[in-house]
Structures are given as structure tokens and as C-alpha cells.
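Asks: Here is a sequence with its predicted model. Questions after.
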Amino acid sequence: MCKGLCVYPGSFDPVTLGHVDLIERAAKLFPNLVVAVLNNPDKHNMFTVEQRMNMLSRACAHLTNVTIDSFGGLLVDYMRSANAEIVLRGLRAVTDFENEFQMAQVNRQIAPGIETLFMMTSPDYAYISSSAVRQIAMFGGDISTLVPPCIIEEIHRVFK
Ligand code: ADP
């Protein structure tokens, strides 16, 4: 098990089975994992920060060493304030790589003590994204293979 606090930051708009899979796997590697919802007023999110945190809390209720938080501003500032050293990000396809590579390099430049770790998606979830969930839900489609069962109703409610 790795020492230190690990933070998994993201929009989680909404959390998907792909995110939960990553969280479950990381929760086995770190004593404590914080899933941190980015509060970015410039980005138009479908769900409020409170809704996104609430859905994450329910999706992760079975994981006792996982806590849900939110942050605004720079990730590295949040990491420092939380006394955390490890950022976790997920990779689905090469298309993720370019952005993630750039972000990790910039963060390393401005905060050399903070390490970014990447975990590969499980093949079953490689095609799942929050944007796909939003598009399908917008038209009342079946999202049961994309998100945890406990949040399906809430997602449909927001799109009604
Ligand atoms: P972002 O933080 O870029 O707005 P998300 O909130 O959707 O995007 O995702 C947070 C992190 O989870 C990112 O590192 C993303 O690559 C990763 N991720 C998203 N979906 C999956 C998935 N299906 N499998 C593995 N990792 C994923």
C-alpha cells in the first residue's frame, strides 16, 4: 500500500461506472482516497457541485476509506491545503493521453512535490464517459450500463 493522501480530481458530471471502477481499485492501493469535484464556474456543468458530490457519496458509500470533497482554483493549491501528494487520473484511450500528459507536466512544473499517477480503464468501461451519459439521458435513453444504479433516478429527474 502506498503512503500519503491520494486525490482523484475531476468534473464527475455525473459519476460513471468507469469512475467508480477506478475509485474502487485505487481505494485498495491507498489508505485514504479523496475524490475531489472541481467547481469551475467557467465550465457549464449539467449538475451542480452539490449534486455531483451527492451522487459520488452514494456511489462510494461501500468504500470506507474514500471521502468526497470539492475544490475551486488550482488543483496544486488544493493538494497543498489537503496535505496530499498524489493526483490520480484515469486513461481510457490515446485521446485522453495528450491532455493528461500536458496537465501532469504543468502541475509538475508549478508543484514539483506532487506526483500524478495514471490508471488504465478496465476494458469493460473504456467507452463510458460522463458526456455520453448526459447525451443518452437527455433523450430518456437507458443509462443503466453506464452509471451506478443508485443515481439513475436522480439523473433522469434532472433531465425531465
Ligand atoms: P475531467 O476531469 O477531465 O473533466 P471526468 O470528470 O470525466 O473528466 O474524469 C475524471 C478522470 O477520470 C479523468 O482522468 C478521466 O480520464 C477519468 N475517466 C473518465 N472516465 C473514465 C473511464 N470510463 N475509465 C477510466 N477513467 C475514466
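Replies: Cool, got the structure.
Asks: Spatially nearest residue to residue 59, not counting backbone neighbours?
Replies: The shortest distance from residue 59 to any residue other than its chain neighbours is 4.3 Å, reached at residue 148 (C-beta to C-beta, 6 or more residues apart in numbering). No exception for glycine: its C-beta is placed from N, CA and C like everyone else's.
Asks: Hmm, residue 14 and that neighbour touching each other?
Replies: No. Applying C-beta atoms under 8 Å as the test, residue 148 and residue 14 come out as separate, 9.4 Å apart.
Asks: Neighbour count: those two, which is higher?
Replies: Between residue 148 and residue 14, counted using other C-beta atoms under 10 Å, residue 14 has the larger neighbour count: 27 against 19.
Asks: From the ligand, how far off is that one?
Replies: 9 Å (C-beta to the nearest ligand atom, to the nearest Å).
Asks: This protein: strands as residue ranges?
Replies: With DSSP state E as the criterion, the chain has strands at 6-10, 33-38, 66-71, 86-91, 115-120.
Asks: Would you mind saying which of the ones you listed lies nearest residue 46?
Replies: strand 33-38 (13.0 Å; C-beta to C-beta).
Asks: With just CA atoms, put that closest one into CSV.
Replies: Only the C-alpha atoms of strand 33-38 are listed here, as CSV (Å, rounded to 0.1, in the frame of the first residue of the first chain):
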residue,chain,number,x,y,z
LEU,A,33,-8.5,8.5,-1.1
VAL,A,34,-10.3,11.8,-1.7
VAL,A,35,-12.5,12.2,-4.7
ALA,A,36,-12.5,16.0,-5.4
VAL,A,37,-15.1,17.6,-7.5
LEU,A,38,-13.9,20.6,-9.5
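Asks: could you say what helices and strands that strand packs with?
Replies: strand 6-10, helix 17-27, helix 49-59, strand 66-71 (3 or more C-beta pairs under 8 Å, 6 or more residues apart in numbering; DSSP states H and E).
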